[in-house]
Structures are given as structure tokens and as C-alpha cells.
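[1] predicted coordinates and the sequence they were generated for:
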Amino acid sequence: METLKVFTQQELPACKPILTPGLVITTLISIGIIFVPIGLGSLSASEHVVEIIDRYDDACVPSNGDDEAAKSERLSFIQNVKTNKTCIRNLVIPKKMKHPIYVYYQLDNFYQNHRRYVKSRSDRQYQSPRFERETKTCDPESEIDDHTPIVPCGLVAWSLFNDTYRISTENDPIPINKKDIAWQSDKNSKFGSNVYPKNFQKQDPVGGGKLNESLPLSEQEDLLVWMRTAALPNFRKLYGRIETDLEANENITVVIQNNYNTYSFHSKKQLVLSTTTWIGGKNDFLGKAYITAGGICLFLAIAFILTYVIKPRPLGDPAYLSWNLNSKER
Ligand SMILES: *[C@@H]1O[C@H](CO)[C@@H](O)[C@H](O)[C@H]1NC(C)=O
């Protein structure tokens, strides 16, 4: 009973800080002093990231006009399995890039977060061969015409990205390491090491990349990366890692197999090469946000100092208020 009374009458022990100018000013100044250097540090780290972005989807098709004829020519080029989709891009390294250099593909305006798309998968099926037939959630890519299940089923797997990149300097190829690009937890538990692809991309329409039927799903890392669906329509996914340094002003050649059809919807394809620092890839936002927040705190601290320290009003003195009122009446 006693405790209830303490609770209902709000007599529980509590921290009730009194916001004196001194306390407020010290808090604001310390936040400012902590945040501004963090912001400057991350901004400079972001500045040190070397990033090359090359948009190739429009340059790697025969026609890139905007009229209907050009559009249908593009589509028939990309949909025809017989056309030569090899495309060569020459890039210059702007600044020395220290390894590891991450290779990403970036798709813009690709809604991997569409509700019916994200749900079109069967995590139980990917986990174990016992659940091979659990494809109810995978429509419209659950089974082929003879009613045997597709492994891995679902639209997400079906639309697997299938452009490939080979990079070389003038004389030597630069190997791209594609090991360990997926999440460890995906490899260890989400995708089974005894689940093998079956009936995958066997029937028209073919949505994207094919899988090696002799490798279990847990070792098909490109698939694992693709199946971790992006939350936003513009996203980057890891393709591989370059484990040698690239020198400034070096010319590199990228041989692209431009297979993936993003031409039927307005989408961009970009190849990204990027180094990293302790904050990850290039990201100015974090630094700017810290500097802004710290700056506002310092500004408020100065404003408080000016109003309360230089021209203070007596603290906690109600007489001061009534004196003001009375003085008006008089
Ligand atoms: C790549 O994906 C496209 C669909 O975007 C498909 O038409 C094409 O056949 C695939 N090519 C290869 C080589 O897997």
C-alpha cells in the first residue's frame, strides 16, 4: 500500500536537476567541444576516400536516344542472347588508391524494397533440402511446368544481377577477389551448405543471372549479396575486392559484360571503385551533421553566456517578478 502511494503521488526518488545557467552553459559547451572535433575528423576521413564512379548503362548499348525507336532498339539489343554485350571502359585513377579497393555495382531507381518483391522468397527452402517444396511464398517463381520446385525460389533470386567486370592495367590483369563478400551469418546459417540450385532460370522469362548447380547456395556469394535486399531504390552492392594498390594517373581498362536489363525501366547502372577509412566509404553527411550539432550548441552557449552571465536576473526570486508587475502598475 505504502509503495503504491509513493508511486501514485509521484514521490518516488527521482533526479530533478535544476537548470541553472551554469549547468546549461557547461553542458552546451561540452557537447560542442566533443562534437566539433568528431565532425572535423570524420569529414577529413571522408575526404581521404578515393572513389571512382562510372556510369556505363547508356554507353554500353548501341543507341541511347530518348525517342521510341531508340528505346526499342536498346531493348531488343539487351534481350537478345546472341548480341555481343562486351563493353570496354577506360578509367583513370585520380589519386593513389591503397588496397583493399572495393568494387561495387550501383543501381538507381531499382525498387528492391517493393512489398511483393521482398516477400517473394522462402528462407526455409534456402536453409535445408528438407524444405525444398516450401515455395508457397515464392510466387510467381515457385515451380516450373512439371511442378518440381525451383531452388532458390522467388523473385529476388530470379532477378539476380548478372553484369560482370574484368579489370586490367595496360599490361596486367588486376584480379578481383570475390571471396567473403557476403555476410558471414548468411553463409553460416541462412543459406544451407547442402542446398543446391535446381531448375533455376530454366524457363522463360529469364530474370537475371544463372547459378552453378554444383555449388551449394551458401557458397554462391553473389546471390547472398543480392538477396540481402536494399532498403532504398538507389543502392550499391559489393562485387569484389582488389587487393593491390593502384597508382595515381594509372589507366585501367574495365571489360564489362553488360547483361542485366535495366532498360525496360528508368534505371542507371554504375561501377564504383572505392577505398575505405575508419568511417567506411565516402560519406560527408556524418561529419557535417556532427559539426552542425556541435556548432549550434556552442552558439547557444555563447548566447546564454551573454544573457545570463553578463546581464543576469536574480535566480529563484519570485519577488523580482512581482516587483516587475508592481512597478508597471505604479
Ligand atoms: C542476364 O539477365 C538478363 C535479364 O536481366 C537475361 O535476359 C540474360 O539472359 C542474363 N544473361 C546471362 C548471361 O545470365
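    Received, thanks. Numbering: from 1, shown residues only.
[2] contact partners for the residue of the stretch 51-200 of the chain found nearest the ligand?
    Nearest to the ligand in the stretch 51-200 of the chain, going by C-beta to the nearest ligand atom, is residue 162, at a distance of 3.8 Å. The way it works is simple: take the backbone N, C-alpha and C, and place the C-beta from them, glycine included. The contact partners of residue 162, taken as C-beta atoms under 8 Å, 6 or more residues apart in numbering, are 208-210, 257, 259-260.
[3] again, but for residue 137
    Residue 137 makes contact with 119-122, 154 under the criterion C-beta under 8 Å, 6+ apart.
[4] hmm, back to that, which of the contacts of residue 162 fall within strands?
    Members of the contacts of residue 162 lying in strands (criterion: DSSP state E): residue 257.
[5] ok, and the most crowded of the contacts of residue 162?
    Counting neighbours by other C-beta atoms under 10 Å, residue 260 comes out on top of the contacts of residue 162 with 23 neighbours.
[6] run through the residues that contact that residue.
    161-163, 208, 269.
[7] filter the contacts of residue 162 to keep only those in contact with the ligand.
    Applying C-beta under 6 Å from any ligand atom to the contacts of residue 162, one finds that 208-210, 259-260 fall near the ligand.
[8] which one of these sits closest to residue 130?
    Distance to residue 130, by C-beta to C-beta, is smallest for residue 210 among these, at 24.9 Å.
[9] if we can go back for a sec, from the contacts of residue 260, which one has the minimum pLDDT?
    For the contacts of residue 260, the model is least confident at residue 208; its pLDDT is 90.
[10] can you give me the strands for the stretch 51-200 of the chain?
    When assigned using DSSP state E, counting those that start in this stretch, the strands of the stretch 51-200 of the chain occupy the ranges 51-55, 86-92, 101-108, 164-168, 173-174, 176-177.
[11] determine the set of other helices and strands touching the longest one.
    Using 3 or more C-beta pairs under 8 Å, 6 or more residues apart in numbering; DSSP states H and E as the contact criterion, the elements in contact with strand 101-108 are strand 164-168, strand 235-242, strand 268-274.
[12] what pairs with the longest one, and is each one parallel or antiparallel?
    Think strand 235-242. Partner strands and pairing direction for strand 235-242 (DSSP bridges) are strand 101-108 (antiparallel), strand 176-177 (antiparallel).
[13] could I get the ones you listed as CSV with distance to the ligand, mean neighbour count and mean pLDDT?
    What follows is the strands paired with strand 235-242, written out as CSV (distance: least, C-beta to the nearest ligand atom, whole Å; neighbours: other C-beta atoms under 10 Å; pLDDT from 0 to 100):
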stretch, distance to the ligand, mean neighbour count, mean pLDDT
strand 101-108, 12, 20, 96
strand 176-177, 18, 14, 95
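[14] so which of those is nearest residue 90?
    Checking these against residue 90 by C-beta to C-beta gives strand 101-108 as the closest, at 16.3 Å.
[15] before we move on, back to that, residue 308 is nearest to which of the strands of the stretch 51-200 of the chain?
    The nearest among those, by C-beta to C-beta, is strand 51-55 at 46.7 Å.
[16] how about residues contacting that closest one?
    By C-beta under 8 Å, 6+ apart, strand 51-55 touches 89, 91, 93-94, 106, 254, 268-275, 281-282.
[17] which of the contacts of residue 137 has the most neighbours?
    Neighbour counts for those (other C-beta under 10 Å) peak at residue 154, which has 25 neighbours.
[18] mind checking how far it is from residue 303?
    Using C-beta to C-beta, to the nearest Å, one gets 57 Å for the distance from residue 154 to residue 303.
[19] before we move on, back to that, of all the contacts of residue 260, which two lie farthest apart?
    For the contacts of residue 260, the farthest-apart pair by C-beta to C-beta is 208 and 269; their separation is 12.9 Å.
[20] hang on, the earlier thing: can you tell me which of the strands paired with strand 235-242 is nearest to residue 4?
    strand 101-108 (59.0 Å).
[21] and the angle from the closest one to strand 51-55?
    Here strand 101-108 runs at an angle of 40 degrees relative to strand 51-55 (axes from the mean of the first three to the mean of the last three C-alpha atoms, to 10 degrees).
[22] quick one: distance of strand 101-108 to the chain centre.
    Put simply, strand 101-108 sits 10 Å off its chain's centre (C-alpha atoms, centre = their mean, to the nearest Å).
[23] so what touches that strand?
    Residues from elsewhere that reach strand 101-108 (C-beta under 8 Å, 6+ apart): 53, 161, 163, 165, 167, 176, 233-242, 246, 262, 267-276, 281.
[24] if you set the cut-off to 7 Å instead, what comes out?
    Contact partners of strand 101-108, identified using C-beta atoms under 7 Å, 6 or more residues apart in numbering, comprise 161, 163, 165, 176, 234-242, 246, 262, 267-276.
[25] can you check stretch 117-124 too?
    Contacts with stretch 117-124, where a contact means C-beta under 7 Å, 6+ apart, come from 131, 134-135, 137-139, 141, 153-157, 190, 229.
[26] so the closest residue to residue 286 other than its chain neighbours is in which element?
    Spatial nearest neighbour of residue 286, chain neighbours left out: residue 42 (5.0 Å); criterion: C-beta to C-beta, 6 or more residues apart in numbering. Element membership for residue 42, per DSSP states H and E: helix 21-48.
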